[in-house]
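1. Pasting the sequence and the predicted coordinates here, then a few questions.
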Amino acid sequence: MNRPISGAGLGLRRDFLADIGDTLPAPVSFLEVAPENWMKLGGGYGRRFRALTERHPFVCHGLSLSIGSPAALDWDFLKALKTFLDEHRIRLYSEHLSYCSGNAHLFDLMPIPFTEQAVTHLVTRIRQVQDFLERPLVLENVSYYGAPGQEMSEIAFINAVLEEADCQLLLDVNNIYVNATNHGYDAEAFLKALPSRRIAYGHIAGHHQEAADLIVDTHGADVIDPVWALLAKAYQYHGVFPTLLERDFNLPPLSGLLGEVGTIATLQTQARMEVA
């Protein structure tokens, strides 16, 4: 298996594929890719990607599993995904606690109703996916802008899914900040209520502030200070966990991204020193 992840990570983009060699640029210690973007690549890109997965720790963060969909699981996709994960010996596969398809692909992450019925639906599907992939499924707390049919709080819903499905959590700190602002709850209390033992790794990202009470989760800007502070709180409450910088739009040069990855590493070091 690919080595376990630790420390601070960065999403691998083709834009800076040539900058990643036999050693990762400091302070990056692991890489993440969306498997959908790399599963069918052959030729030079395919050979380059294989060389990287043979040398460096990787995690996969999917886009199209649609775990909360009312439609049947896409078993053809799951078979291709398992082949890809096995071929590259990647042990961690994460996805979004949302859905993105019904009778057709919706090309967006839709909110799952926070209901007991949805929990039951998810638990069945998560167990099927975990059994088939022979890996724990790692699910991310997502940003959302409406909560249709809500019967439970967001935190009660997430914790019920994690516990009943016996799966893991990708803790996205920026999404907590975005949702807390948009839906008017206490971000730190939400963070503290998550189960430490379920956290596999974390994400941090920038966003767009549309209005005082409306933030759009874009992954297209630098991380702001209140989100960095929330990450520091996450390490305080849950211990240090591997954390990756997400940046999907308005990409700066790699050197700019490395500065933010360095901030993750600094916060991890500070958190370890505080408990030493």
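-> All right, it came through fine.
2. Am I right that Ile90 is in a helix?
-> No. Per DSSP: H, G, I helix; E, B strand; the rest coil, Ile90 lies outside any helix segment and is coil.
3. pull the longest helix from the chain.
-> Assignment by DSSP state H gives helix 254-275 as the longest helix of the chain.
4. who's in contact with it?
-> With contact meaning CB atoms under 8 Å, 6 or more residues apart in numbering, helix 254-275 is reached by 7-10, 16, 19, 25-28, 204, 222-223, 228, 231-232, 235-236, 239-240, 243-245, 247, 251. Bear in mind the C-beta positions are built from the backbone N, C-alpha and C, glycine included.
5. Just the buried ones out of the residues you listed, please.
-> Buried by 16 or more other CB atoms under 10 Å: 7-10, 27-28, 204, 222-223, 228, 231-232, 235-236, 240, 243-245, 247, out of the contacts of helix 254-275.
6. Restricted to helices, list the residues you listed.
-> 228, 231-232, 235-236.
7. Could you look up the SS state of Pro70?
-> coil.
8. Next, the contact list for the nearest residue to it once chain neighbours are set aside, please.
-> Setting aside the residues directly before and after it, Pro70 is nearest to Gly102 in space (CB to CB, 6 or more residues apart in numbering), at 6.2 Å. Residues near Gly102 by CB under 8 Å, 6+ apart: 69-71.
9. Return the closest of those with respect to Gln117.
-> Comparing those against Gln117 with CB to CB places Pro70 closest, at 11.0 Å.
10. so what pLDDT did that closest one get?
-> Looking at Pro70, its pLDDT is 93.
11. ditto for Asn103
-> As predicted, Asn103 sits at a pLDDT of 79.
12. that's a strand at it, yeah?
-> No. Under three-state DSSP, Asn103 falls outside any strand and is assigned coil.
13. count of neighbours near the residue nearest to it when sequence neighbours are not counted?
-> Spatially, and ignoring its direct neighbours in sequence, Asn103 is nearest to Ala71 (6.9 Å; CB to CB, 6+ apart). Look at Ala71: counted by other CB atoms under 10 Å, it has 11 neighbours.
14. For Val138, see how far away Ala71 is.
-> Going from Ala71 to Val138 by CB to CB, to the nearest Å gives 22 Å.
15. do Tyr144 as well
-> Taken as CB to CB, the span from Tyr144 to Val138 is 19 Å.
16. picking up where we left off before, quick check: buried residues in the longest helix of the chain?
-> Buried, per 16+ other CB under 10 Å, within helix 254-275: 254, 257-258, 260-261, 263-265, 267-268, 271.
17. Confidence-wise, which of these comes last?
-> Leu254 (90).
18. quick one on the thing from earlier: in strands, which of the buried ones among the contacts of helix 254-275 fall?
-> 8-10, 28, 204, 243-245 (DSSP state E).
19. Would you convert these into JSON lines that also reports pLDDT and distance to Val173?
-> Listed next are these as JSON lines, based on pLDDT from 0 to 100; distance: CB to CB, whole Å:
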{"residue": "Ala8", "pLDDT": "98", "distance to Val173": "13"}
{"residue": "Gly9", "pLDDT": "97", "distance to Val173": "14"}
{"residue": "Leu10", "pLDDT": "96", "distance to Val173": "16"}
{"residue": "Val28", "pLDDT": "96", "distance to Val173": "18"}
{"residue": "Ile204", "pLDDT": "98", "distance to Val173": "5"}
{"residue": "Thr243", "pLDDT": "98", "distance to Val173": "8"}
{"residue": "Leu244", "pLDDT": "98", "distance to Val173": "11"}
{"residue": "Leu245", "pLDDT": "97", "distance to Val173": "11"}
